[in-house]
Structure formats: structure tokens, C-alpha cells
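1. Dropping a prediction and its sequence here:
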Amino acid sequence: MNLLSRSKEEPEINLTSLIDVVLLLLVFFMVSTSFVREAEINIRLPEANAQPVDATNTDVLEIGITQTGSFLVNGRQLVNSDRRRLRAAIERVLGDDRDVDVIIRADSESFHQATVTAISVAGELGFSSINIATATTPESR
């Protein structure tokens, strides 16, 4: 009886083929991936003109925002500045007519949230032409 232990060979794992497969998968996914921008937002940036827009025109709805964040609809100040009151005031002024241009005139020191709220309410009501008014500087004339 031979009780001598056999020399044990350590199992060897060849990782070369595994690395090749992972690299090929990486290249495949990089080539086949398409970068679609589904959440892209189209924004019409304001342009400063020397010609002011007449807010008394019936084809224009003007939403003013004061420095404190209060809303004005066609020059008439609202009692409070929440989105429900702004929505009701716009519906009262225009009824079901949504083919008018909306001009938002915000004070330069007003809160950004008030401007976003005005844009959001106008968009929810179905207005397609929402503009932000700018002031021209003496250097640009």
C-alpha cells in the first residue's frame, strides 16, 4: 500500500477568454446605444427689441410680476399670488380664447419661482405663444 500523497496541482483559471467576452460586450453596447433626448425642452429665448409691444391690444395677455412676487393680469393686481388665483384671473379675462400671445413681464429682482409659476399656469391653460419681455439697455441701441 502506497500512502504517499500525490502532489496536488492548483487549478488554474484562464481569465483571458472572460476578459475578451466582456470587452466585446462593452464594445457592442457602446455601438448599439442611441442617445435620444426625449426630455428636451424647446425654449424660445427672449430678444430685446427697441419696439415695445402694446399691452392694450386684445391679442395680448400680459402677466406682470412685481419685485415681491405679486401677479398683475393686464395691469390689474391680484389679491394674492397663488397659482389658483392667477389661473382664475386669466380665465376670467380671456374666457376660452387661447389664440392670444402671452407676455410675462417680471421685475429683475423678482423671485424666479413666480416666473416659473406664471409660465406653468399659462402652459396648463393651453397657450402656445408664451414670451418673456426684456428691457433694452442703452448700449444695445
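-> Now that the structure is in, tell me what you want to look at.

2. how much space between the residue nearest to S129 when sequence neighbours are not counted and L94?
-> Nearest residue to S129, sequence neighbours excluded (CB to CB, 6 or more residues apart in numbering): D101, at 4.6 Å. Every C-beta, even on glycine, is put in place using the N, C-alpha and C of the backbone. Remark: distance between D101 and L94 (CB to CB, to the nearest Å) = 11 Å.

3. Now do the shared contacts for the two.
-> L61 (CB atoms under 8 Å, 6 or more residues apart in numbering).

4. For those two, indicate the residue with more neighbours.
-> Comparing D101 with L94 by other CB atoms under 10 Å, the one with more neighbours is L94, at 18 against 15.

5. Quick check: phi and psi on the more buried one?
-> As for L94, its main-chain torsions (degrees, to the nearest 10) stand at phi -110, psi -20.

6. so where is this protein shaky, pLDDT-wise?
-> Applying pLDDT under 70 to the chain flags residues 1-4, 35-58, 135-141.

7. Only alpha carbons, please: show the biggest helix by length in it as CSV.
-> Of all segments of type helix in the chain, defined using DSSP state H, the longest is helix 16-32. In CSV, the C-alpha atoms belonging to helix 16-32 read as follows (Å, rounded to 0.1, in the frame of the first residue of the first chain):
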residue,chain,number,x,y,z
THR,A,16,-8.2,35.7,-21.0
SER,A,17,-11.3,34.4,-22.7
LEU,A,18,-13.5,36.0,-20.0
ILE,A,19,-11.9,39.4,-20.5
ASP,A,20,-12.3,39.1,-24.3
VAL,A,21,-16.0,38.4,-23.9
VAL,A,22,-16.6,41.3,-21.5
LEU,A,23,-14.7,43.6,-23.8
LEU,A,24,-16.7,42.5,-26.8
LEU,A,25,-20.0,43.1,-24.9
LEU,A,26,-18.8,46.5,-23.8
VAL,A,27,-18.0,47.5,-27.4
PHE,A,28,-21.3,46.1,-28.6
PHE,A,29,-23.4,48.1,-26.1
MET,A,30,-21.4,51.3,-26.8
VAL,A,31,-22.0,51.0,-30.5
SER,A,32,-25.7,50.0,-30.3
